[in-house]
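Participant: The sequence and its predicted three-dimensional model are supplied below.
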Amino acid sequence: MLDTIAERPAPAAVASARPAAAPAVMLANVRKSFGSTRVLNGVTLSVKRGDVTCVIGPSGSGKSTLLRCINALTPVDAGTVVVEGIAVHDPALDKLALRRRVGMVFQQYNLFPHKTALENVMMAPIHVLQEDREEVEARAVALLTKIRLLDKAHCYPGALSGGQQQRVAIARSLAMRPTIMLFDEVTAALDPVMVKEVLSTIRDLAEEGITCILVTHEMGFAREVADQVCFTDHGIVVEEGPPEMIFTQPEDPRTRDFLGHVT
Ligand code: ADP
Ligand code: MG
């Protein structure tokens with residue numbers, strides 16, 4: 001069943017309307033150590049197509065590593081990771097096929113400083129996918145319009161605010177037409193107004209049916225927008241469920257303790 005889905009990638013806009021036969025992302029018993037540091041100790045998590053999942057948990061609990069295992073930036077030691085039918089843990093993995101589906105945005109904006117906003121958005125489809133420049137430009141203009149930054153198309157990153165840079169970074173990922181987006185603390189370095197702008201961009205993506213997985217400290221966003229909240233501690237998923245459950249009736253004392261400190 002997973003293979004069938006892998007052969008028929010759906011446009012993101014209709015992804016959520018499809019039968020939820022297989023999860024978009026599935027991790028089972030994922031383990032990862034760096035030297036003697038055990039970072040993931042058997043992570044199991046399932047993310048439905050089109051859902052927004054917020055991953056919360058203390059610093060050092062393995063949240064970034066978990067995200068990086070989903071798009072093969074970090075190889076796993078054991079366990080399985082399946083992303084839209086692609087076995088990410090398979091040594092024969094086609095990384096390009098995976099990365100076309102999975103976009104990732106980090107806390108640091110890491111835009112190319114000597115390229116304009118528009119050029120940043122256009123680069124990967126032209127250089128990685130060898131797509132037609134005119135088509136890519138039209139798509140990039142549409143994306144900048146969508147994030148309400150068309151007027152900054154010819155600005156360099158240094159002339160943009162942190163929030164604007166982060167939205168360009170999101171548009172740059174979207175230019176590859178992913179069906180899944182990973183966000184690693186993308187608002188952590190921003191002031192409250194910019195946090196709002198960036199979260200509103202992410203909310204729009206979610207409404208279009210793109211599967212979003214966010215590591216975030218924005219509990220308000222998690223409460224309001226997430227379909228699933230996942231609390232990690234010491235390299236395991238301690239507890240996951242709908243936000244109303246995690247925030248109002250957490251079952252595990254570790255979740256209660258964490259939420260007591262951050263909310
Ligand atoms: P979080 O995102 O929850 O703060 P991380 O996944 O970044 O947690 O890191 C969990 C632990 O793994 C930390 O102790 C960190 O130092 C360690 N770690 C992460 N990446 C590496 C790496 N590439 N090499 C060595 N240690 C790492
Ligand atoms: Mg992190």
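Facilitator: On my side now, so go ahead. Ligands and ions are numbered 1, 2, ... in the order given.
Participant: Helices along the stretch 101-250 of the chain, start to end?
Facilitator: In the stretch 101-250 of the chain, helices defined by DSSP state H, counting those that start in this stretch lie at 117-127, 133-146, 162-174, 192-207, 219-225, 243-248, listed in chain order.
Participant: Deepest-packed of those helices, please.
Facilitator: helix 162-174 (a mean of 24; mean count of other CB atoms under 10 Å). Where C-beta positions appear, they are placed from N, C-alpha and C, glycine not excepted.
Participant: Now that helix: average pLDDT?
Facilitator: Helix 162-174 shows a mean pLDDT of 95 in the predicted model.
Participant: beta partners for Val83?
Facilitator: In this structure, Val83 has the following beta-bridge partners (DSSP bridges): Val25, Ile86.
Participant: Out of the helices of the stretch 101-250 of the chain, which gets nearest to Val83?
Facilitator: Taking CB to CB, helix 162-174 is the member of the helices of the stretch 101-250 of the chain nearest to Val83, at 15.2 Å.
Participant: so what secondary structure elements neighbour that closest one?
Facilitator: Taking 3 or more CB pairs under 8 Å, 6 or more residues apart in numbering; DSSP states H and E as contact, the helices and strands that helix 162-174 lies on are strand 102-105, helix 117-127, helix 133-146, strand 180-184, helix 192-207.
Participant: Dump the first one to PDB, keeping only the CA atoms.
Facilitator: This file holds the C-alpha atoms of strand 102-105, laid out as PDB (Å, rounded to 0.1, in the frame of the first residue of the first chain):
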ATOM      1  CA  VAL A 102      10.100  17.300   2.200                       C
ATOM      2  CA  GLY A 103      11.000  20.900   2.800                       C
ATOM      3  CA  MET A 104      12.800  22.100   5.900                       C
ATOM      4  CA  VAL A 105      13.300  25.500   7.400                       C
END
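Participant: still on that earlier bit, may I see the helices and strands packed on helix 162-174 arranged in a markdown table, with mean pLDDT and distance to ligand 2 as well?
Facilitator: Formatted as a markdown table, the entries for the helices and strands packed on helix 162-174 read as follows, by pLDDT from 0 to 100; distance: least, CB to the ion, whole Å:
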| stretch | mean pLDDT | distance to ligand 2 |
| --- | --- | --- |
| strand 102-105 | 96 | 12 |
| helix 117-127 | 97 | 23 |
| helix 133-146 | 97 | 26 |
| strand 180-184 | 97 | 6 |
| helix 192-207 | 92 | 17 |
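Participant: would you turn these into TSV with distance to Gly50?
Facilitator: Putting these into TSV (distance: least, CB to CB, whole Å) gives the following:
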stretch	distance to Gly50
strand 102-105	15
helix 117-127	23
helix 133-146	18
strand 180-184	10
helix 192-207	8
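Participant: Tabulate those (TSV), appending distance to ligand 1.
Facilitator: Formatted as TSV, the entries for the helices and strands packed on helix 162-174 read as follows, by distance: least, CB to the nearest ligand atom, whole Å:
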stretch	distance to ligand 1
strand 102-105	13
helix 117-127	24
helix 133-146	28
strand 180-184	7
helix 192-207	18
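Participant: how many neighbours does the residue in the stretch 51-200 of the chain positioned nearest to ligand 2 have?
Facilitator: When distances are taken as CB to the ion, the stretch 51-200 of the chain reaches nearest to ligand 2 at Ser64, 3.2 Å away. Other residues near Ser64 number 20, with proximity taken as other CB atoms under 10 Å.
Participant: roughly how far apart are it and Asp184?
Facilitator: Computed with CB to CB, to the nearest Å, the distance linking Ser64 and Asp184 is 5 Å.
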